[in-house]
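Novice: Below are the sequence and a predicted model; questions follow.
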Amino acid sequence: MVKIAELSSLEISALMQRKGLSFQTGPFTFRLSSNSSSLAVLIQNLYADYPLKEKDEFADFELRIVKERRLRYQKPYASVWFDEKMIYPKSPEISIFPFVEWGLNFCVATNAHQYLILHSGTLERNGQALLLPAWPGSGKSTLSAALSQRGWRLLSDEFGLVRPSDLMITPFPRLLPLKNQSIAVMRSFAPEAVFGPEYPGTPKGTVCHLRPPPESIDRAGELARARWIVFPKFRAGSTMCLNQIESTEAFVSLSGHAFNYELIGLRGFKAMTALVDACDCYTFEYGGDLEQAVAQLNALADGLI
């Protein structure tokens, strides 16, 4: 299987400008088309481990990144388009990459209704899946990134894709978007990891992307059974605390983290109910010690709690 790393940035740029660059992540094939050559180096580096698809093969979703410059002396701008609609407005071309990433997530969140879609980090250890549903700012991405760098298989930082028929979690390993203070924290925690550029001034503050471990991408076809639902909350200086909660409380909290729970109706309700009943559910407050937080969740997965 050919991977993106085997292409030069010039080859990637040429593909994007002609018929599009097609690659696989989890169950989805994406095609990126663009007249912006500046994206090619980033894609070659951060998407290095993703498998290429044939250019004429069916793609589930296609994003177009359109570069514009009305006057020669102006800096170029770019916008992100999906299904002939602009989903992210014009931004300086040099800082368009975070919007491309959000665009890929937008495609799945608004269309993949064969799944119950949870706003959740998802990781696997010993064949069992941990779900980390959380609101923005709760430390979900940082915790997901830390676990992925300490032996857990990353299924997704953003989505828990639950098959309603059997509650299996479908992997969708994507770049991990770190924000603001968590960027320096993860650079210190995993200095050997591959980080992209930092983009200040986005709607979410400063954003930097972390490349997933190659194994997480190579094993994207391996589903995992949900075993734990842990609602994380980062609070600086707090004492780490993992508390088990009743299924009723977990159901109410989890339903607030579903993208399409109401949209898919009774199927979503049944899947959510069965998912909560099948899992041990916890709240997890942690402070600044990521190694300690990882050790606590390792102990949970190893049956030591």
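Specialist: Arrived safely, thanks for sending.
Novice: When you work out contacts or count neighbours from here on, use the C-alpha atoms and nothing else.
Specialist: Noted.
Novice: now the strands: where do they sit in the stretch 151-300 of the chain?
Specialist: 153-156, 159-162, 168-170, 176-179, 195-202, 205-210, 224-234, 241-244, 280-286 (DSSP state E, counting those that start in this stretch).
Novice: Highest mean neighbour count out of those strands?
Specialist: Highest mean neighbour count of the strands of the stretch 151-300 of the chain: strand 153-156, a mean of 31 (counted as mean count of other C-alpha atoms under 10 Å).
Novice: which strands and helices sit next to it?
Specialist: If you count contacts as 3 or more C-alpha pairs under 8 Å, 6 or more residues apart in numbering; DSSP states H and E, strand 153-156 packs onto strand 116-125, helix 140-148, helix 214-218.
Novice: Now do that strand, average pLDDT.
Specialist: Regarding strand 153-156, the rounded mean pLDDT is 97.
Novice: same check, this time on stretch 288-299
Specialist: pLDDT averaged over stretch 288-299 gives 93.
Novice: Just the CA trace of it, in PDB.
Specialist: The C-alpha trace of stretch 288-299 is given here as PDB (Å, rounded to 0.1, in the frame of the first residue of the first chain):
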ATOM      1  CA  GLY A 288      -0.900  19.300  35.300                       C
ATOM      2  CA  ASP A 289       0.800  15.900  35.700                       C
ATOM      3  CA  LEU A 290       0.100  14.100  32.500                       C
ATOM      4  CA  GLU A 291       2.200  11.100  33.400                       C
ATOM      5  CA  GLN A 292       0.200  10.600  36.600                       C
ATOM      6  CA  ALA A 293      -3.100  11.000  34.600                       C
ATOM      7  CA  VAL A 294      -1.900   8.400  32.000                       C
ATOM      8  CA  ALA A 295      -0.900   6.000  34.900                       C
ATOM      9  CA  GLN A 296      -4.300   6.300  36.400                       C
ATOM     10  CA  LEU A 297      -6.100   5.400  33.200                       C
ATOM     11  CA  ASN A 298      -3.600   2.600  32.600                       C
ATOM     12  CA  ALA A 299      -4.500   1.200  36.000                       C
END
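Novice: Distance from it to the middle of the chain?
Specialist: 21 Å (C-alpha atoms, centre = their mean, to the nearest Å).
Novice: So what touches it?
Specialist: Outside stretch 288-299, the residues that touch it by C-alpha atoms under 8 Å, 6 or more residues apart in numbering are Leu143, Ala146, Leu147, Arg150, Phe189, Phe234, Arg235, Ala236, Gly237, Met240, Tyr286, Ile305.
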